[in-house]
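Q: Here's my sequence, what's the structure:
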Amino acid sequence: MKRLILLLPLAIFLGIAVFLYRGLFLDPAELPSALIGKPLPAFSLPSVDEPGRTFTVADLKGPALVNVWATWCVACKVEHPVLNDLAGRGVTLYGVNYKDDTAAAQKWLKEFHNPYRLNVSDTQGTLGLDLGVYGAPETFLIDKHGVIRHKYVGVIDERVWREQIAALYQGLVDE
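A: Okay, the predicted model is just below:
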């Protein structure tokens, strides 16, 4: 009995060590989303670019990338030139300005260019919450029916676009 009590802490330690070791090999960009295969959540939010205009989910026509971004997000600034390039190549992009000041977002887009066909101002984070956003940047790929087909967490750079998203996007365009 004494031996069993002495081995219990070792068994607990080994269990925790195995759990943590497994975590070293997980990809943090692959966060599961319960929304894959479901339509974008309904919303009615103001435009970043056109004060007084309101957008709804019906305004987002796919296939498209819905990019959650913010001026306070350092990674978004890294990602932004790639988004401008993708927009120049004909990729449809919609923006969700997440928990941000609209005036700051307008200034930022003027300075760094605006790749978005439309840009929703989600100052309270309600749409982000409905999308299950952990932070910015996060990008959702939607099909022509507005159904979420893929979610990517993190910066979309050329490698990510080429290796993970481009074929999925093109497949939806070709449908």
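Q: Count the neighbours of G88 for me.
A: Per other Cβ atoms under 10 Å, the neighbour tally for G88 reads 10. (C-beta placed from N, C-alpha, C; glycine too.)
Q: Actually, P39.
A: When neighbours are defined as other Cβ under 10 Å, P39 has 13 of them.
Q: can I assume it is in contact with D143?
A: No: using Cβ atoms under 8 Å, P39 is not in contact with D143, being 9.6 Å away.
Q: Identify each of the strands in this structure and give its residue range.
A: Per DSSP state E, the chain carries strands over the ranges 44-46, 54-56, 64-69, 93-98, 118-122, 138-142, 148-153.
Q: Okay, now the sheet partners of the first one, with direction.
A: Spelled out, it's strand 44-46. Neighbouring strands of strand 44-46 in its sheet, by DSSP bridges, are strand 54-56 (antiparallel).
Q: distance between the strand it pairs with and the chain's centre?
A: From the chain centre to the centre of strand 54-56 is a distance of 19 Å (Cα atoms, centre = their mean, to the nearest Å).
Q: what do you get for stretch 56-65?
A: Centre-to-centre, stretch 56-65 and its host chain are 15 Å apart (Cα atoms, centre = their mean).
Q: Give the buried residues for it.
A: Neighbour-count burial for stretch 56-65, with 16 or more other Cβ atoms under 10 Å as criterion, is recorded at 57, 60, 62-65.
Q: Repeat that for stretch 114-129.
A: 114-116, 118-122, 125, 127-128.
Q: Could you dump those into a markdown table with distance to E163 added?
A: Formatted as a markdown table, those follow (distance: Cβ to Cβ, whole Å):
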| residue | distance to E163 |
| --- | --- |
| N114 | 26 |
| P115 | 20 |
| Y116 | 23 |
| L118 | 28 |
| N119 | 27 |
| V120 | 28 |
| S121 | 32 |
| D122 | 29 |
| G125 | 30 |
| L127 | 28 |
| G128 | 26 |
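Q: Show me the shaky parts of the protein.
A: 1-4, 6-8, 10-11, 13-15, 17-33 (pLDDT under 70).
Q: residue boundaries of the helices in it?
A: For the chain, helices defined by DSSP state H occupy the ranges 2-23, 74-88, 102-112, 126-131, 158-160, 166-174.
Q: TSV for those helices, including distance to P137?
A: Formatted as TSV, these follow (distance: least, Cβ to Cβ, whole Å):
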stretch	distance to P137
helix 2-23	23
helix 74-88	5
helix 102-112	13
helix 126-131	11
helix 158-160	11
helix 166-174	16
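Q: thought F43 was touching D59?
A: No: between F43 and D59 there is no contact under Cβ under 8 Å: 9.8 Å.
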